[in-house]
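Undergrad: What follows is a predicted protein model with its sequence.
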Amino acid sequence: MAARPGRGGRVRFNVGGQAFETTTTTLANAGRDSMLGALLDASWNVPCAGGEDAAAEYFIDRNPACFAVLLDLLRTGSLHVPPHLPEKLLYREALYYGLLDHVRAARWGSFDGDRLRLASSVPGRAPGDGTAVRAAPDGGCCVAHGGAVHVYNWMLDERRPVSLDHSQVNDVAYFVRSTASEASPSRAMAAFSAVSGDLRHRFRVQHDRQAKSFTAGALAFDRDSRIFASCKGRLNEYGVGVWDSATGEQADFFYEPPGCALGDADRLQWLDATNALMVATLFPKTDNCSIGLLDFRDKSVAWSWSDAGTAASLEEKRVLHAIAMEDERSVCVINQYDDLGFLDLRSNAGAVRWSSRSKLMNRKAPGEESCYPKLATHGGQLFSSMNDSISVFSGPEHVLTSTLRRSYGGAICDFSIGGDRLFALHNEENVFDVWETPTPPII
């Protein structure tokens with residue numbers, strides 16, 4: 001039975017037959033959104049039979065060993081799991097009490113690329129068909145395998161997979177906490193629940209009020225949960241489509257201007273401060289690479305760069321991937337020779353400034369299949385994959401400070417950062433690795 005905590009601030013629990021006693025101050029650390037924090041809400045409880053000065057008493061029919069660990073976490077802020085207690089059992093109990101965020105915060109330290117440690121490796125479904133891995137905001141991830149997307153919660157338990165017409169998935173993204181969206185070349189794009197795998201929306205392109213067949217490529221979303229996708233149609237609907245994630249209805253379409261291959265774009269990124277969408281069409285999809293910033297307010301290209309007409313001595317340096325830096329002042333690009341370069345978004349006339357201090361660690365084994373490099377930024381650090389390793393660059397000059405390497409699984413075909421984790425998808429064995437930052441030692 002529940003009772004309102006008395007003036008003394010003491011609260012008693014009987015959890016699975018084991019007695020516990022704590023204070024309202026400790027329970028308040030759980031937060032109002034948790035079950036234990038809700039016990040402090042007078043409107044939720046009834047008066048105690050022993051009077052206002054009596055300690056509140058509660059019976060909870062749950063695991064007492066897990067409750068002891070969680071109560072200690074609220075008292076001290078540190079997570080100490082006994083060797084005999086399975087972590088997944090603790091996570092299940094933390095979910096019941098609404099304390100998963102507390103466990104996650106104590107389980108992992110603040111994300112730091114130079115302190116990442118390999119936490120686990122998860123085998124894939126079929127060798128060689130991994131397309132993309134995307135980190136979820138809560139520390140889970142989804143992995144595109146051929147025509148399906150396999151979704152994992154933050155405990156790395158697989159949820160129900162999602163599929164779109166059994167076609168090859170081109171890209172996948174989380175646009176809200178509980179929903180994943182995938183694109184395929186089968187006429188459309190769709191949004192699914194990451195929890196149940198159920199279809200939420202099927203996005204369509206309309207031109208002159210008529211539905212058009214199209215191939216969806218790269219995905220992105222903005223802070224208003226609008227979804228962007230590069231679209232390649234049969235007639236004149238080449239460009240970037242925009243949809244409302246809440247309704248699934250098409251909200252806008254940026255038609256491809258002359259000399260700008262938006263429909264073939266394989267990299268989209270929304271820039272909050274600039275209020276523009278970065279669109280990159282990269283080698284080897286096209287012979288000439290191009291990067292542009294699209295302003296949807298007046299349907300203009302606010303900034304652009306292309307390697308068309310590059311001097312013969314530099315022609316071999318084809319851009320394979322691009323990402324806007326977190327300060328949104330520059331775009332980082334990478335070529336097939338492990339070089340990082342930078343483009344100034346404040347100037348339309350600039351060329352790529354290749355950085356001699358930002359050289360990747362290339363450790364390709366003889367006969368090993370290569371994968372195109374990928375880029376990511378997080379917390380002021382720059383990350384780039386190359387073959388079976390990920391290089392971490394830090395500081396204003398982007399100096400190489402550490403390398404993440406895993407021998408099992410072959411080359412890294414994709415990686416993603418989110419929920420204080422880094423996920424790396426390997427090509428040959430289709431395994432994905434999970435890298436975490438350990439908590440600082442207690443001094």
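TA: Right, received. Where do you want to start?
Undergrad: mind listing the strands for the stretch 251-400 of the chain?
TA: Counting by DSSP state E, counting those that start in this stretch, the stretch 251-400 of the chain has strands at residues 267-271, 276-281, 290-295, 300-306, 319-324, 330-335, 339-344, 353-359, 375-378, 381-386, 389-394, 399-405.
Undergrad: Give me the contact list for the first one.
TA: Where contact means C-beta atoms under 8 Å, 6 or more residues apart in numbering, the residues beyond strand 267-271 that reach it are 218-223, 228-230, 240, 276-282, 293, 321-324, 328. (Each C-beta comes from the backbone N, C-alpha and C, glycine too.)
Undergrad: that older thread, quick one: which of the strands of the stretch 251-400 of the chain is nearest Pro83?
TA: strand 399-405 (27.9 Å; C-beta to C-beta).
Undergrad: tell me what the strand or helix carrying Gly217 is packed against?
TA: Element membership for Gly217 (DSSP states H and E) is strand 214-221. For strand 214-221, the contact count by 3 or more C-beta pairs under 8 Å, 6 or more residues apart in numbering; DSSP states H and E identifies strand 171-176, strand 179-183, strand 226-233, strand 267-271 as packing neighbours.
Undergrad: and Leu70, which of the strands of the stretch 251-400 of the chain is closest to it?
TA: Per C-beta to C-beta, nearest to Leu70 of these: strand 375-378, 29.3 Å.
Undergrad: average pLDDT across the closest one?
TA: Computed over strand 375-378, the mean pLDDT rounds to 96.
Undergrad: Also stretch 252-271?
TA: Rounded mean pLDDT across stretch 252-271 is 88.
Undergrad: What residues sit buried inside it?
TA: Neighbour counts over stretch 252-271 (16 or more other C-beta atoms under 10 Å) mark 253-254, 256, 260-271 as buried.
Undergrad: circling back to that earlier point, next one: the strand holding Gly217 to chain centre, how far?
TA: 17 Å (C-alpha atoms, centre = their mean, to the nearest Å).
Undergrad: try stretch 132-142
TA: 4 Å.
Undergrad: What lies in contact with it?
TA: Contacts for stretch 132-142 (C-beta under 8 Å, 6+ apart): 104, 108, 143-144, 149-154, 156, 169, 171-174, 177, 180, 194, 414-425, 432.
Undergrad: In terms of helices and strands, where is the nearest residue to Gly248 once chain neighbours are set aside?
TA: Nearest residue to Gly248 in three dimensions, chain neighbours excluded: His201, at 3.0 Å (C-beta to C-beta, 6 or more residues apart in numbering). For His201, the element it lies in under DSSP H and E is strand 199-203.
Undergrad: Any buried residues in that strand, and which?
TA: Neighbour-count burial for strand 199-203 [16+ other C-beta under 10 Å]: 200-201, 203.
Undergrad: And these, which is closest to Pro123?
TA: Pro123 lies nearest to Arg200 out of the buried residues of strand 199-203, by C-beta to C-beta, at 28.7 Å.
Undergrad: do you know how far that closest one is from Val151?
TA: 13 Å (C-beta to C-beta, to the nearest Å).
Undergrad: ditto for Val331
TA: 31 Å.
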